[in-house]
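[1] Provide a 3D model corresponding to the input given below.
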Amino acid sequence: MKPGKTILATAVAAAAIGLSMPLASHAIDPAYAKKLEKSGCTQVTELKGCDINKTKAENAKAGFGTVDTAVSPYAGQWIARNVDGRTVSTIRIDGKNKVVVNGKSVASKLSDGALVFKSGFITYTIQGDPRLKNENSWFDSDAQTTGPIRRQ
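    As a prediction, the model looks like this:
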């Protein structure tokens, strides 16, 4: 056989072998995909012992993945004080940014990395970045006074 024919014959043989093999499937079975989703497992972690028949919480407890416990950086107890140290308001924020000021639930919104909410004439601003110290404050638009808010 001549060199050119050898290369052609090799290419034809490789193509014939490739066509005779089943095509790889990049998709997974929808039922299996649902089980992976519900369990918090991946195909890789399943091979390492993650159980697709358990819940995300059960698998997280076993060391596979984490449970969705994303807690708001604003969550906690806060105290708004005036400049002489007297308490203006007590603030409680849950993990989903639900705010209670002095025992009353108030609406809140995220604005430029801060949680902003209002109770009466007072507007409260709490920064989401814990590295920003002493930047949480309140402003009373009626009395034109302001002061710090500190986490308890």
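[2] what is the burial count for Val106?
    15 (other C-beta atoms under 10 Å). Backbone N, C-alpha and C define where each C-beta goes, glycine included.
[3] verify the contact between it and Val116 for me.
    No - applying C-beta atoms under 8 Å, one finds Val106 not in contact with Val116, separated by 10.6 Å.
[4] ok, and the closest non-adjacent residue to Ser108?
    Phe117 (3.9 Å; C-beta to C-beta, 6 or more residues apart in numbering).
[5] tell me which element Lys38 is part of?
    helix 30-39 (DSSP states H and E).
[6] and Trp78, by the same measure?
    Counting by DSSP H and E, Trp78 is part of strand 76-81.
[7] mind listing what's buried in that strand?
    Buried residues in strand 76-81, defined by neighbour count with 16 or more other C-beta atoms under 10 Å: Trp78, Ala80.
[8] quick one: strands adjacent to it?
    Strand 76-81 has its sheet partners listed here by DSSP bridges as strand 87-93 (antiparallel), strand 145-151 (antiparallel).
[9] so which of these is the most surrounded?
    Greatest average neighbour count among the strands paired with strand 76-81 goes to strand 87-93 (a mean of 18), per mean count of other C-beta atoms under 10 Å.
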